[in-house]
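Trainee: here is my input; please provide its structure:
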Amino acid sequence: MAFLDKFSQALTSEDSIAEKTPSLLTRDFIIKHAAKLGIIIVAAWLYIGLRYNCEASLYHLNQLKEELNDVRYTTIARWGELTGKNKPDIIRRKVLQSDITLEAADEPPIRVK
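Mentor: Model (predicted):
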């Protein structure tokens with residue numbers, strides 16, 4: 001019972017519980033912890049800025065990788081076209097140099113069944 005009496009006295013007394021609990025928005029608290037709050041705000045601002053910068057760099061890097069792949073594929077395709085056009089010319093030159101009597105066929109090849 002003594003506990004209930006003390007509790008009821010605390011509730012009815014002039015010093016309320018709300019006045020005894022510390023609040024984060026009081027002027028004294030903000031002045032006392034202004035440096036810490038400033039450091040936290042600056043750290044959060046730097047974190048957000050650096051993260052945005054990093055994401056922008058990664059996006060740009062991915063675009064450059066895609067562009068590199070496109071250039072590689074076009075280079076391979078053009079190389080294939082060039083080597084395909086040059087091989088018959090090389091064979092013709094070798095045939096002419098070795099004096100072999102071969103002629104190019106006018107008709108397409110026929111499949112034997």
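Trainee: mind listing the helices for the protein?
Mentor: For the chain, applying DSSP state H gives helices covering 2-12, 17-20, 27-32, 34-97.
Trainee: which of those helices comes out lowest on mean pLDDT?
Mentor: Least confident of the helices of the chain, judged by mean pLDDT, is helix 17-20 with a mean of 56.
Trainee: now render the helices of the chain as a markdown table, adding mean neighbour count and distance to residue 108.
Mentor: Heads up, the C-betas are built off the backbone N, CA and C, glycines and all. What follows is the helices of the chain, written out as a markdown table (neighbours: other CB atoms under 10 Å; distance: least, CB to CB, whole Å):
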| stretch | mean neighbour count | distance to residue 108 |
| --- | --- | --- |
| helix 2-12 | 9 | 106 |
| helix 17-20 | 8 | 99 |
| helix 27-32 | 10 | 90 |
| helix 34-97 | 10 | 15 |
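Trainee: okay, these in TSV with distance to residue 104 next?
Mentor: Formatted as TSV, these follow (distance: least, CB to CB, whole Å):
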stretch	distance to residue 104
helix 2-12	111
helix 17-20	103
helix 27-32	93
helix 34-97	8
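Trainee: who wins for proximity to residue 113 among those helices?
Mentor: helix 34-97 (27.9 Å; CB to CB).
Trainee: so for residue 105, which of the helices of the chain sits nearest?
Mentor: When the helices of the chain are compared by CB to CB, helix 34-97 sits nearest residue 105, at 12.1 Å.
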